[in-house]
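In: Got a predicted structure plus its sequence, pasted below:
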Amino acid sequence: MPSSAAQARRSSHASEYLYPDHLREVAAALPRLPGVYTFHGIEGGLPLYIGKSINVRTRVMDHLRTREEAALLRQSRSISCVRTAGDLGARLLEAQLVKRQMPLYNRLLRKLPRQFSLRLYRGEVSVVNSADYELASAPMLYGLYSSERSALESLRRVADDQALCYSLLGLERLPKGRACFRSMLRQCLGACCGKETAAEHELRLRAALAHLEVTAWPYGGRIAIEEAGEDMTQFHVVDNWAYHGSAPTLAKARRIKPGAEQFDRDSYKILRHALDRGTAVVHLLS
């Protein structure tokens, strides 16, 4: 027969995964529609976690999957929701709010002090960063990274996959014309020692990096992406891959002024996905 201590542990474990009574009524009143939701803590409504869904109520009620989420619910005192027309608006707003408010339980979408990319120019690769380079509009950029180290690791993986030369990529230093160690192992096709021309090496490098290419902002200024939902329409204002807010009409969208938001890889990926599908309704604002 189980001991009283074991029963107490099981009882404690079970209660840990019960939806808190003070949140049940609030969660049940949330819409079964797209939007962004926030779990607020006790101190001044401090945001603990920000999330998004095309069905806010179902997603919020589904937050009892891990011990971390159970701890989040115990600390939460209220839940708020901002409606969006659809998934695009929810993704953009979630990324913006997480960067602005830095909720305790959000690990992804946080604002990075700097972002890095690989720049290919005249066959040479360098790492550039957002502090001194305009990543949103510059050509010949590949990949978006949180650190210089991760950018170089990505370049090294490309070199290993395609037998490119570390020396020509700046990953190691060699006297000009000397064969690198990897060429002796047939892990480099020999651009370092004349077995392959620099032009041939660059062509292979460009092809290997193509899937990482950062698309320069393709418009002359601000745009509004129209998103029509089940019960509302929004116009999402974007410039240089930065999201500046949404409005219910195109006229109001034109009045949205650029804020402090700058280029970030999360919004870039969200917007690239939406625009690359070819079905987005885009309005030029300037």
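Out: That came through, no problem.
In: got any ranges where the stretch 51-200 of the chain has weak pLDDT?
Out: 177 (pLDDT under 70).
In: Report the residue ranges of every domain in the protein.
Out: Per the record, the chain has its domains at 4-101, 116-212, 223-284, by automatic domain parsing.
In: which residues of the stretch 101-250 of the chain fall in strands?
Out: Applying DSSP state E, counting those that start in this stretch to the stretch 101-250 of the chain gives strands spanning 116-121, 124-129, 141-145, 223-228, 233-239, 242-247.
In: what sits up against the second one?
Out: If I follow you right, that is strand 124-129. Under the contact criterion CB atoms under 8 Å, 6 or more residues apart in numbering, strand 124-129 has outside partners 114-119, 135, 138, 141, 148, 151-152, 155, 169-170, 205. (C-beta placed from N, C-alpha, C; glycine too.)
In: of those residues, closest to residue 54?
Out: residue 115 (28.4 Å; CB to CB).
In: What number of residues are in the vicinity of the closest residue to the closest one other than its chain neighbours?
Out: In this structure, residue 115 finds its nearest non-sequential neighbour in residue 130, 4.5 Å apart by CB to CB, 6 or more residues apart in numbering. Using other CB atoms under 10 Å, residue 130 has 19 neighbouring residues.
In: Select only the buried ones of the contacts of strand 124-129 in PyMOL?
Out: Per 16 or more other CB atoms under 10 Å, the buried members of the contacts of strand 124-129 correspond to this PyMOL selection:
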select buried, resi 115+116+117+118+119+135+141+151+152+155+169+205
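In: any idea which of the contacts of strand 124-129 is the one closest to residue 276?
Out: residue 141 (16.9 Å).
In: where's the closest residue to residue 150 other than its chain neighbours relative to residue 209, distance?
Out: Closest residue in space to residue 150, ignoring its immediate chain neighbours: residue 116 at 7.4 Å, by CB to CB, 6+ apart. Between residue 116 and residue 209 the computed distance is 15 Å (CB to CB, to the nearest Å).
In: Verify the contact between residue 92 and residue 266 for me.
Out: No. The criterion here is CB atoms under 8 Å, and residue 92 misses it with residue 266 at 9.2 Å.
In: That'll do, ta.
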